[in-house]
Structures are given as structure tokens and as C-alpha cells.
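K.L.:
structural data only, the sequence is not supplied:
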């Protein structure tokens, strides 16, 4: 199937295809209308006309039944599945916010630490839900994480997922499927994998969100795979020194080369991330600002988030943490007035500034002393004249 949106305007089953949303190695995704229910849907088509198409189609239908059992707020739900000739298709809701890959690029490659960790918690919870049902994703990457306008993240594209208990006939090539920059070493080797491979992939995504670059940055796929096998990647704080060491410890454990050295489950990874968020100290200190006013009060350590001067709003929702006055992302930090508390600038427009009032008080004391001295001199002179 060509990548030119050749199906636009056609009807497949009860769906009218309106436009091409994107394409990738596994197929094309179209925006469509469900003519029965009158709602917008996204349809992913996979062409099985070449290679082991019949075998893949049978596995596709078997896995679709497994994926339909997943019911989690952070997993993109599967609404329908079907086949039209050599095209298999999956039907899901349309997510307007775009993928995390697109969001990250719009904001210069990185996200504030609290938002990045909050996103990873949502994905880890979704993976734990799938793993408990014996399904591993196998391709966790920014392009498969969809960000809704309300900040909720949806894990998508389980099209290459496999049941943990249903892989005896899989070839090494099938087991190694995934995106090279994010796959675990055992997955790159074509070994049997479990949920800890997804933990590694999520750790690689989080590493990229916090540092602005993936863990491995070779120019070719082969060299990336060699780096993954040689691992581990450069320490996170070496790439982004502003991050607190505790953040590095959690991320680098998820990226351990040996599965036994990682978090045993995605749920354990989520718990470690939640603990980091509850502590609130994600940055080592506030970076110095050379243009700041000498009298400006410094912000609390660890609470300064990088911001962009674009004025765009970011779909990631603010994170609830331990800071008493949170700055909504991505608005630049500004003084926030908490309800019920006096404003830090409580002076009335016509009232003197504190420094002016201080000078006025000193002047009044000097005038008073001078008056007393003059009165004393007058009284003394009168007494001398009387004598």
C-alpha cells in the first residue's frame, strides 16, 4: 500500500476514510467516520499481501481478541477490527493532541522534570495493566504515546504486541521487532522477552524527555544496536547536570542492561517515579540568572522549570507535588497569590514605599530634636536675663 493516502474518499466496511493521519513501518493511519454511529475514528491499515501474510493475519486476529480485553484509562481502546482484501485494520478513537514525539519537538526536545515523570507514571500504570494480562507491548516509544488535550497520555499501537504465553512459533526476527533506539538488549538479540523489556523502553523514553536526546545516538541502526548491547548509556546527570541524582538513579535502573537489575515490574517503576514526585526535589538547584535584579528573591531550590517563550499551551496537565505554590506548565514562573493570603505587594498605590517611609521617620526625629534644642536655648536665655 502506497504511503500517499490512496484510500481517502473510499468506504471500507462501515467507515468512510476522510484523510491520512500518518504512516509508518507497520502501516498507515486514516481519519474516518463511522457511518453507523456518526463518530470520528482512527483506522490503522496493515498490508499483508506480501511475505507470510496468511500467518500474520491469523496471529493478528488472535492478538486483537487479547487487546480488546485491555481496559485502562491510559491505553488507547480498540473499538473494532476487520479485514478488506489484503488489508487488516484496527479502529480506535481519534486523539487530537498528537504524539509525545510531536509534543516534545514543539517544546525544544525536553519537558520539565515533574511533567516528564508524571507522563512516565501514566505509561507505567498502563504497562502494568497489560502485563498482568500477559501482554507485552514491545514498542514503547514517543510516537506510540498519544497526549490528549487534557493531559492524559494514551499508550497506543499494540499491533506488534504478543502474549507472553503464546510465542513458541515466533522467529528471532519477530521477537526482535521494535524501534532500535528504545528496545532492550535482550529484545535486540532476539531473545525471549517479558515485561521488563517494556520497562527498559519506557526508561529510554523518559531519558530522552529529561535530557533532550535518546540514550544512544549513533548514526546507523547497526551502531545503535551495538551501543545497546555494550550499554549502559551515559549517566543522565552527565547529559543534564541540572537533574537531581535521585532522578538519575531511578531512570538508570530502568535502563540496566540485565533484566534482573531493572525494576521487576512496571508497577514497581511507577512506584519509584511517584516517590520522586512526592519528594519534589527534581533539580539540584536553581540555575543562576545573570540578568536578575540584585534585590530579586531567589526561587526555592529544585522548583524552577525550563520554559519556552512561544506562548503556546502544552497539553500535559500540571503535576500535583509537594510545592506550596506550583507553576502551571508551561507558563513562565510568576508570583502566585494564594487565596486567603495577603498579596506580597500589599502596598496601596498612594502609600509611600517602605524605603520612603523609613527616610520620613528619620527626618521627623531630627526635626524634633532640633525643636527641643531651640526651646532649651530659649528657656536658658530667659533665665539668664531674669538674674
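P.N.:
Right, received. Where do you want to start? Keep in mind that what you see is a predicted model, and the values were worked out from it rather than measured.

K.L.:
am I right that residue 94 is in contact with residue 41?
P.N.:
Yes: look at residue 94 against residue 41 with C-beta atoms under 8 Å: they come within range, at 6.3 Å. Where C-beta positions appear, they are placed from N, C-alpha and C, glycine not excepted.

K.L.:
more neighbours: these two, which one.
P.N.:
When neighbours are counted by other C-beta atoms under 10 Å, residue 94 and residue 41 differ, and residue 41 comes out ahead with 19 against 14.

K.L.:
give me the sheet partners of whichever strand or helix holds that one and which way each runs.
P.N.:
In this assignment (DSSP states H and E), residue 41 forms part of strand 39-47. Strand partners for strand 39-47, identified by DSSP bridges, are recorded as strand 27-34 (antiparallel), strand 87-92 (antiparallel).

K.L.:
got TSV for those, with mean neighbour count, distance to residue 110 and mean pLDDT too?
P.N.:
Converted to TSV, those look like this (neighbours: other C-beta atoms under 10 Å; distance: least, C-beta to C-beta, whole Å; pLDDT from 0 to 100):
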stretch	mean neighbour count	distance to residue 110	mean pLDDT
strand 27-34	21	27	92
strand 87-92	21	29	91
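
K.L.:
picking up where we left off before, what sits in contact with each of residue 94 and residue 41?
P.N.:
With contacts defined as C-beta atoms under 8 Å, 6 or more residues apart in numbering, the residues shared by residue 94 and residue 41 are residue 31.

K.L.:
residue 133 contacts residue 71, correct?
P.N.:
No: no contact is recorded between residue 133 and residue 71 when judged using C-beta under 8 Å, the distance being 9.6 Å.

K.L.:
about what we covered before: among the strands paired with strand 39-47, which comes closest to residue 58?
P.N.:
strand 87-92 (10.6 Å; C-beta to C-beta).

K.L.:
where do the strands sit along the stretch 51-200 of the chain?
P.N.:
80-84, 87-92, 135-136, 145-147, 153-155, 162-163 (DSSP state E, counting those that start in this stretch).

K.L.:
ignoring the adjacent residues along the chain, who's closest to residue 234?
P.N.:
Of all residues beyond its chain neighbours, the one nearest residue 234 is residue 215 (7.7 Å), with distances taken as C-beta to C-beta, 6 or more residues apart in numbering.

K.L.:
residues near residue 193, how many?
P.N.:
By other C-beta under 10 Å, the residues close to residue 193 number 23.

K.L.:
thought it was touching residue 200?
P.N.:
No: between residue 193 and residue 200 there is no contact, the gap being 9.3 Å when judged by C-beta under 8 Å.

K.L.:
hey, what's in contact with both of the two?
P.N.:
Counting by C-beta under 8 Å, 6+ apart, the residues touching both residue 193 and residue 200 are 184, 187.

K.L.:
where does the stretch 251-387 of the chain dip in pLDDT?
P.N.:
Scanning the stretch 251-387 of the chain with the threshold set as pLDDT under 70 gives 286-387.

K.L.:
let's see 80
P.N.:
Low-confidence regions of the stretch 251-387 of the chain, defined here as pLDDT under 80, cover residues 285-387.

K.L.:
so which of the strands paired with strand 39-47 is nearest residue 187?
P.N.:
strand 27-34 (21.0 Å).

K.L.:
what's next to stretch 255-262, contact-wise?
P.N.:
Around stretch 255-262, the neighbours that count as contacts under C-beta under 8 Å, 6+ apart are 184-186, 194, 196-197, 199-200, 203-204, 207, 215, 231-233, 253-254.

K.L.:
and residue 133 and residue 71? Which one has more around it.
P.N.:
For residue 133 and residue 71, the more surrounded residue by other C-beta under 10 Å is residue 133, and the numbers stand at 14 against 9.

K.L.:
for residue 38, see how far away the closest residue to the more buried one other than its chain neighbours is.
P.N.:
Once flanking residues are discounted, residue 133 sits nearest to residue 69: 6.0 Å by C-beta to C-beta, 6+ apart. For residue 69, the distance to residue 38 equals 27 Å [C-beta to C-beta, to the nearest Å].

K.L.:
how about residue 269?
P.N.:
Residue 269 sits 40 Å away from residue 38, going by C-beta to C-beta.

K.L.:
rewinding a little: and of the strands of the stretch 51-200 of the chain, who's closest to residue 12?
P.N.:
Smallest distance to residue 12 across the strands of the stretch 51-200 of the chain (C-beta to C-beta): 4.8 Å, for strand 80-84.

K.L.:
quick check: buried residues in the closest one?
P.N.:
Using 16 or more other C-beta atoms under 10 Å as the burial criterion, the residues of strand 80-84 that qualify are 80, 81, 82, 83.

K.L.:
how many neighbours does residue 115 have?
P.N.:
When counting by other C-beta under 10 Å, one arrives at 21 neighbours for residue 115.

K.L.:
residue 7 now?
P.N.:
Neighbours of residue 7 (other C-beta under 10 Å): 19.

K.L.:
kindly report the same for residue 282.
P.N.:
23.

K.L.:
ok now do it, which residues does it touch?
P.N.:
With contact set as C-beta under 8 Å, 6+ apart, residue 282 has these partners: 113, 114, 117, 243, 244, 247, 276, 302.
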